[in-house]
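[1] Could you look at this predicted model? Sequence included:
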Amino acid sequence: MMSEASTVLYFVRHAESRYVEGQERERGLTEQGHQDAGTVASLLHGEQIQLFYSSPYRRAVDTIQILADRSGGIVVTEEDLRERQLSSSE
C-alpha cells in the first residue's frame with residue numbers, strides 16, 4: 001500500500017521589531033523578538049521543515065533564520081511576500 005505525500009505549510013509572523021521611520025526593510029528584531037524567534041525554532045525544529053520562504057524584510061528573515069540554521073536549510077526571500085503599500089505618499 002502506497003502512502004500519499006502531503007504538504008504542510010507553517011506560517012510564522014515576524015517577531016517583535018522596533019518601528020523606525022523610513023527603514024521598513026532594514027529594521028531588525030528587538031531583544032524580545034530574538035528570544036521569540038528562538039522559541040519558534042525550538043517549537044518547529046521537530047517538524048522536519050525542508051523549505052523556508054520569507055519576505056525580504058530583515059525582521060522576517062531574522063525570525064526564521066535560527067530554525068533554518070538548525071534544520072540545515074536556507075531562507076529564500078520572495079519579494080511578493082512583502083507588506084502591501086497602503087499609500088504612495090512618503
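    Here it is on my side, so go on.
[2] need the helices for this protein, in chain order.
    Applying DSSP state H to the chain gives helices spanning 31-44, 58-71.
[3] Any chance of TSV for these, columns mean pLDDT?
    Listed next are the helices of the chain as TSV, based on pLDDT from 0 to 100:
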stretch	mean pLDDT
helix 31-44	97
helix 58-71	96
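[4] So which of those helices is nearest Gln23?
    In terms of Cβ to Cβ, the element of the helices of the chain nearest to Gln23 is helix 58-71, at 9.1 Å. Every C-beta, even on glycine, is put in place using the N, C-alpha and C of the backbone.
[5] Now do that closest one: which elements does it pack against?
    Here helix 58-71 touches helix 31-44, strand 52-54, strand 75-77, going by 3 or more Cβ pairs under 8 Å, 6 or more residues apart in numbering; DSSP states H and E.
[6] Which one of the ones you listed lies nearest to Ile66?
    Closest to Ile66 of these, according to Cβ to Cβ: helix 31-44, at 4.1 Å.
[7] picking that back up, please identify the deepest-packed of the helices and strands packed on helix 58-71.
    Compared across these, strand 52-54 shows the largest average neighbour count, a mean of 18 (mean count of other Cβ atoms under 10 Å).
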